[in-house]
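In: Take a look and give me a structure for this.
(chains A and B)
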Amino acid sequence: MHPLSTQVVNLFAAALLLIAFAMLSQRRIVTLINLFAWQGLALAGSTATVAWATGQSHLYYSAGITFALKVLLLPWILHRLIRRLNVKWDVETLINIPTMMIVGIVLVIFAFNLALPISEFSRSVARGTLGIALACVLMSFLMMITRSKAVPQVIGFLSMENGLFFAATSATYGMPMVVELGIALDVLVGMVILGVFLFQIREQFDSLDIHHLEKLKDD
Amino acid sequence: MNVEGVLAQLAALVAALVLAPLLTGWVNMWRAWLQGRTAPPLTQPFRALHKLFWKESVMAHSASPMYRAAPYAVFSCMLLASMIVPTISTNLPLAPAADAIALVGLFALARLFMSLAAMDVGTAFGTLGARREMLVGFLAEPAFLMVVFTASLISSSTSLATIVASLAHRELTILPSLAFAGVAFTMVSLAENARVPVDNPATHLELTMIHEAMLLEYSGRHLALMEWAASLKLFAYSCAGLALFFPWGIAEANDRVALAFALPVVVAKLAAGGMLLAVIETVLAKMRIFRVPEFLATAFLLGVLALLVRILLGA
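Out: Sure thing, here's the model as predicted:
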């Protein structure tokens, strides 16, 4: 294995982790979508690097799908969505950002410790990055838990899928092509359904704050 | 300790004393150009120092001896700091006296003296500035330490000279941990040197100021020493950053050829860094004081991430 490719994959993994933290602390929805696009780009880059390093040609396809879907299509849909929902410049009040950061660090340490014994078994080019992938998934969970608006929650869901995809590539050189295509399609369809859902939420409650959903019936 | 080491140390001392105000002037010049103003000459800080040294120093009646001693203490802390950071050569007789952690301590000592002196006279502005300085300092220090620890882990030493020697001579590998640490260090040095997103160095008598608020009561030679110390602090931080992240060009022990090239290389690197600082200060707006903890928490986070990536990924 070429040591340079391991370094490049590590670099992309570190970028993914950094973007996950940036998303956790970002208030503006527009910036959040751009960060999501950057995360997709880092993911596509790392997948292409693994493909180049291992000669697994099907990974090139999945890198291409990732690029088309997560860097171009989904951010475009999201941008269009927030323009039509008129929430483009919405600023969300978050709970104390430094606290979120510290919780994020704890999650990263937890994920690294959890992944350490698993990655011992893996023979792949970037087995150290499994912990980072797990940390990305956990941080997307955290983002979905702490956000109160619907659009950031959708972005959290999508970025969680990014983390899972990264785990699959780094630990096992990717899933079979059929599965990957299926997941890509699922994400796309899920996005469309969630888009419709967002319009419904706003029509019902005049806001995208999901706390309104906690009540089962009108008072 | 040998003659060569002593000479290198003396050269570093002179370079720090001369280059520090020049660096401040250089940054001010670029700031003026980028903002479309006519720039003051490069030697403007020297002229200001010259003017202040010849002026009478006025003291408040309520000032204690602490107030009188603080400028000298702050100045010597900063001078010592810029002498233990390898600028020209790693062969420094003073370097074993203090490692990178002690360097952070030196900055803290200077900050302590400065804040005490600012509170000493009892004006509202001084106290306000001192409190804010302490807030910024106590948040910036752990982030700085994390950066130092990352570099120490990579080179397995906390001595700055050893860190520089081992970082400059490894084969070229991509280290994400150093990239994180570099960003964290930049944020910390912006905060510590009272630069734009945290404090505006060009303001006097504004409610938002931090560093200048502490100097309001000083005049004459005391003010000159404080200003010079501030320049030295910027110089020491810049050199520490260059030593940790761009260590190429700093001469080793017994390498006379490299020693001859070291000074121009350092000047070129500082010039590039100063331009970058001016660009950062021009494109960013000063943030609210209550956002500063967030800014520095991000720096701390990046430092911790660098450390974690280094430990767990080995990269």
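
In: Which secondary structure state does A:Val87 sit in?
Out: When classified by DSSP: H, G, I helix; E, B strand; the rest coil, A:Val87 comes out as coil.

In: okay, now it: neighbour count?
Out: Using other CB atoms under 10 Å in any protein chain shown, A:Val87 has 19 other residues around it. Quick note: C-beta positions are derived from backbone N, CA and C, even for glycine.

In: One more: A:Met191?
Out: 18.

In: What helices and strands are in contact with the longest helix belonging to chain A?
Out: If you go by DSSP state H, chain A has its longest helix at helix A:177-205. Where contact means 3 or more CB pairs under 8 Å, 6 or more residues apart in numbering or on different chains; DSSP states H and E, helix A:177-205 is packed against helix A:57-66, helix A:74-85, helix A:150-172.

In: Looking at the stretch 101-250 of chain B, what residue ends up closest to chain A?
Out: Here the stretch 101-250 of chain B gets closest to chain A at one residue, B:Pro176, 3.4 Å apart by CB to the nearest CB.

In: low-scoring stretches of the chain, by residue?
Out: The chain I'm using is chain A. For chain A, applying pLDDT under 70 flags the ranges A:1-2, A:89-94, A:122-127, A:216-219.

In: try again with chain B
Out: Residues of chain B meeting the criterion pLDDT under 70: B:1, B:171-172, B:205, B:253-254, B:314-315.

In: how about the residues of it that lie near chain A?
Out: Within chain B, the positions lying close to chain A (CB under 8 Å from any CB of the partner chain) are B:173-174, B:176-177, B:179-180, B:293-294, B:297-298, B:300-302, B:304-305, B:308-309, B:312-315.

In: Mind doing that once more with 6 Å?
Out: B:173-174, B:176, B:293-294, B:297, B:301, B:304, B:309, B:312-313, B:315 (CB under 6 Å from any CB of the partner chain).

In: Mind listing what's buried along stretch A:11-28?
Out: Neighbour counts over stretch A:11-28 (16 or more other CB atoms under 10 Å in any protein chain shown) mark A:11-21, A:23-26 as buried.

In: typo on my end, it should be stretch A:65-84
Out: Neighbour counts using 16+ other CB under 10 Å place A:65-67, A:69-71, A:74-75, A:77-79, A:81-82 of stretch A:65-84 among the buried residues.

In: Spatially, which two of these are the most separated?
Out: Within those, two members stand farthest from each other by CB to CB: A:Ile65 and A:Ile82, at 24.2 Å.

In: quick one: the residue located most distally from the centre of chain B and B:Ala69, what's the gap?
Out: Ranked by distance from the centre of chain B (CA atoms, centre = their mean), the top residue is B:His61, with 32.5 Å. Using CB to CB, to the nearest Å, one obtains 17 Å as the distance from B:His61 to B:Ala69.

In: Spatially nearest residue to the residue most central in space within chain A, not counting backbone neighbours?
Out: Closest to where the C-alpha atoms of chain A average out (CA atoms, centre = their mean) is A:Ser159, at 1.3 Å. Take A:Ser159 and drop its neighbours on the chain: the residue closest to it by CB to CB, 6 or more residues apart in numbering or on different chains is A:Ser140, 4.7 Å away.

In: What of A:Val192?
Out: A:Ile77 (7.8 Å).

In: got the contact list for residue 20?
Out: Looking at chain A here, since you left the chain open. Counting by CB atoms under 6 Å, 6 or more residues apart in numbering or on different chains, A:Ala20 touches A:136, A:139.

In: hm, I was asking about chain B
Out: Counting by CB under 6 Å, 6+ apart, B:Ala20 has contacts B:231-232, B:235.

In: which residue sits closest to residue 199, ignoring its sequence neighbours?
Out: Picked chain A for this. Nearest residue to A:Phe199, sequence neighbours excluded (CB to CB, 6+ apart): A:Leu85, at 7.2 Å.

In: ah, no, chain B please
Out: Sequence neighbours aside, B:Ile210 is the residue nearest to B:Asp199 in space, at 4.2 Å (criterion: CB to CB, 6+ apart).

In: isn't that neighbour right next to B:Ala130, touching?
Out: No. Between B:Ile210 and B:Ala130 there is no contact under CB atoms under 6 Å: 9.1 Å.

In: And B:Gly105, how far from B:Leu112?
Out: To B:Leu112, B:Gly105 is 10 Å away according to CB to CB.

In: and A:Leu213, how many neighbours does it have?
Out: Using other CB under 10 Å, A:Leu213 has 11 neighbouring residues.

In: Is it in a helix, a strand, or coil?
Out: Using three-state DSSP, the secondary structure recorded for A:Leu213 is helix.

In: Distance of the closest residue to it other than its chain neighbours relative to chain B?
Out: Closest residue to A:Leu213 apart from its sequence neighbours, by CB to CB, 6+ apart: A:Ile201 at 7.4 Å. Distance of A:Ile201 to chain B, given as CB to the nearest CB, to the nearest Å: 30 Å.
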